[in-house]
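*Asks:* sequence unavailable; structure follows:
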């Protein structure tokens, strides 16, 4: 029996994306409603406004239910899908106007755009979504004063820049996919002349071509998604955190300091995005070797989070191959990001060790720890946390281990072969 594993995996991924586009808006609406209701004491709403919000939520749910039935027979953009998208944008805008915490629902406008809108309407649709999200992130619409408008404009600019970057990354991925398909097509044409003498191998040959194409596309998607998660998503999180401090800071000097940090993060993220378009190589390694890049990363992370962070190098430093250095740097960045989000640690230690024919990277913290088995079961499909770090290490014939216990901190250790830089 022929092995159809990759084809089955591709079908599974497509079904998962379809389910996400169908049920994702419900989840975002539910999260926004729950958060808005939980924080009702902080963001006051009148009874009339809650009635209006309830009516809009009912409209959003009914509209999504109607579209779910329609989408079963229509796969591409239609007048109905265009109407759905912009009505959903309007509902999200009004809800965010009533309470900025409803802004979670606006994120639904970023997903499935190619399925709902024709090419000429995609940019306007995405811009409207960015306006609603920026208004929500800046504390609500309309802004109260000039500072609020400046904050709104800065966040809107960041969102628009990220949309442009994501669009370019998507175009680059599509171009690589088309080139790969064209190459495979050309190979198939060339092999046609030989198939008369190789009839017994024709079925196996076709199967291998399909597997190579599906595996290449899937690997490229995973690599690109992990790169975006490790760079742009983390950079945007830092920018939003700094801007939120600006909005709440009574001292103009303190506000200016955090605004400068936000601008620096935005410039760094833009540099990472541009580099990702070309070769997906970390910007931090463009001028420095891995030890210097890790030292800067740890120092900047410690200054940004307020956690005492220390970096150490043991052994004789080697000039590593670009892929090895990039992998270790990304693993360190993701581990530190996880520590900032989940560990509540006071101290973090990062050690880079050169040991003969291998290199190890250890990240340890004294935070709250966790149960690795429980965390693995709860990790959502498609995440880029521990599984993403482990996949990066295994991609270059390495391994990643995690030692953690509730209340006793966490240790992440990556071990990879020492492959020197090509000279």
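*Replies:* That came in fine, so what should we check first? All values reported here derive from a predicted model rather than from experimental measurement.
*Asks:* you'd agree residue 259 is in a helix?
*Replies:* Yes. Applying DSSP: H, G, I helix; E, B strand; the rest coil, one finds residue 259 inside a helix.
*Asks:* that one contacts residue 243, doesn't it?
*Replies:* Yes. Contact criterion CB atoms under 8 Å: residue 259 and residue 243 qualify, at 7.4 Å. Just so you know, the C-beta spots here come from the backbone N, C-alpha and C atoms, and that holds for glycine as well.
*Asks:* more neighbours: which of the two?
*Replies:* Per other CB atoms under 10 Å, whichever of residue 259 and residue 243 has more neighbours is residue 243, with 25 against 19.
*Asks:* distance of the more buried one relative to residue 261?
*Replies:* In this view, residue 243 and residue 261 are 10 Å apart by CB to CB, to the nearest Å.
*Asks:* ok, residue 31 next?
*Replies:* Using CB to CB, residue 31 is found at 28 Å from residue 261.
*Asks:* repeat for residue 182
*Replies:* 45 Å.
*Asks:* who has more neighbours, these two?
*Replies:* Using other CB under 10 Å as the criterion, residue 182 and residue 261 rank with residue 261 on top: 20 against 10.
*Asks:* count the neighbours of residue 257 for me.
*Replies:* Using other CB under 10 Å, residue 257 has 15 other residues around it.
*Asks:* what's the burial count for residue 251?
*Replies:* Residue 251 has 8 neighbours, counted by other CB under 10 Å.
*Asks:* local confidence estimate at it?
*Replies:* pLDDT, residue 251: 71.
*Asks:* cool, and residue 369?
*Replies:* At residue 369, the model reports a pLDDT of 90.
*Asks:* got phi/psi on residue 318?
*Replies:* Backbone torsions of residue 318, given as degrees, to the nearest 10, read phi -120, psi 150.
*Asks:* surely it and residue 353 touch.
*Replies:* No. Using CB under 8 Å, residue 318 is not in contact with residue 353, being 11.4 Å away.
*Asks:* joint contacts of the two?
*Replies:* The contact sets of residue 318 and residue 353 overlap at residue 359 (CB atoms under 8 Å, 6 or more residues apart in numbering).
*Asks:* ramachandran angles for residue 372?
*Replies:* phi -60, psi -40.
*Asks:* and it, how many residues sit next to it?
*Replies:* Neighbour count for residue 372, taken as other CB under 10 Å: 15.
*Asks:* what sits against it?
*Replies:* Residue 372 neighbours (CB under 8 Å, 6+ apart): 386, 402, 404.
*Asks:* the second one reaches residue 411, doesn't it?
*Replies:* Yes. Residue 402 sits in contact with residue 411 when judged by CB under 8 Å, with a separation of 7.2 Å.
*Asks:* low-scoring stretches of the stretch 51-200 of the chain, by residue?
*Replies:* Counting by pLDDT under 70, the ranges of the stretch 51-200 of the chain that qualify are 70-76, 166-167, 169-171, 173-174, 177, 193-200.
*Asks:* in it, which spans are strands?
*Replies:* Ranges of strands in the stretch 51-200 of the chain, per DSSP state E, counting those that start in this stretch: none exist.
*Asks:* what about residue 151, neighbour count?
*Replies:* Close neighbours of residue 151, defined as other CB under 10 Å, add up to 23.
*Asks:* next: residue 87.
*Replies:* The number of residues packed near residue 87 is 13, by other CB under 10 Å.
*Asks:* ok, now which ones touch the nearest residue to residue 129 once chain neighbours are set aside?
*Replies:* Once flanking residues are discounted, residue 129 sits nearest to residue 109: 3.2 Å by CB to CB, 6 or more residues apart in numbering. By CB under 8 Å, 6+ apart, the residues touching residue 109 are 85, 88, 89, 92, 125, 126, 128, 129, 132.
*Asks:* wait, doesn't the last one sit right on residue 93?
*Replies:* Yes. Between residue 132 and residue 93 there is a contact under CB under 8 Å: 4.8 Å.
*Asks:* who has more neighbours out of these two?
*Replies:* residue 132 (28 against 22).
*Asks:* for the more buried one, give me its contacts.
*Replies:* Residue 132 neighbours (CB under 8 Å, 6+ apart): 89, 92, 93, 96, 103, 106, 109.
*Asks:* and those residues, which two are furthest apart?
*Replies:* Between any two of the contacts of residue 132, the greatest separation by CB to CB is 12.3 Å, found for 89 and 103.
*Asks:* so which of those two has more stuff around it?
*Replies:* The neighbour count for residue 89 versus residue 103, taken as other CB under 10 Å, is higher for residue 103 (26 against 21).
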